[in-house]
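Visitor: quick one: sequence and predicted model below, then my questions.
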Amino acid sequence: PSTRFTISIPEHSNVSVSVFDLIGRQVALLLNSKLDIGVYNLIWQGKNDTGSPVSAGVYILRVDAGKYHHNQKMIYIK
C-alpha cells in the first residue's frame, strides 16, 4: 500500500514534506531539500521514519516551501 501525491513549487526554495498523525506527531519526513520551480510527484509507502508500517487511518500531509505552506488530510487504507 502506498499513496501518491503531487506538489507544485512556486519558487526555488528549501522544501520540506512531512506526514503527521492526528495528534500532531511527525510520522515521516518524505523530503527535505532545495527544489526548483515545478511540479513533483511523491509516493509515501505507508512507513514511518524508522521503516515500520503505520496503521490505517487519517494523516496530515504538510508541505513547506519558502513562504508557501500547505496542509492536507490523507486517508491511508491498507
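Guide: Yep, that arrived. Numbers count the residues shown, from 1 in each chain.
Visitor: so what's the residue count around the closest residue to residue 40 other than its chain neighbours?
Guide: Nearest non-adjacent residue to residue 40, counting by CB to CB, 6 or more residues apart in numbering: residue 7, 5.3 Å away. For every residue, glycine as well, the C-beta is placed using N, CA and C. Using other CB atoms under 10 Å, residue 7 has 20 other residues around it.
Visitor: please apply the same query to residue 51.
Guide: Applying other CB under 10 Å, I find that residue 51 has 8 neighbouring residues.
Visitor: what do you get for residue 42?
Guide: Neighbour tally, residue 42, other CB under 10 Å: 14.
Visitor: that one touches residue 7, doesn't it?
Guide: Yes - the criterion here is CB atoms under 8 Å, and residue 42 meets it with residue 7 at 6.6 Å.
Visitor: dihedrals phi and psi, residue 48?
Guide: phi -90, psi -180 (degrees, to the nearest 10).
Visitor: pretty sure it contacts residue 29?
Guide: No - the pair residue 48 / residue 29 is not scored as a contact, 9.7 Å apart, by CB under 8 Å.
Visitor: between those two, which has more neighbouring residues?
Guide: Between residue 48 and residue 29, residue 48 has the larger neighbour count (other CB under 10 Å), namely 15 against 12.
Visitor: what's the separation between the more buried one and residue 70?
Guide: 21 Å (CB to CB, to the nearest Å).
Visitor: for the nearest residue to residue 47 once chain neighbours are set aside, which residues are in contact?
Guide: Spatial nearest neighbour of residue 47, chain neighbours left out: residue 53 (5.7 Å); criterion: CB to CB, 6+ apart. By CB atoms under 8 Å, 6 or more residues apart in numbering, residue 53 lies in contact with 46, 47, 78.
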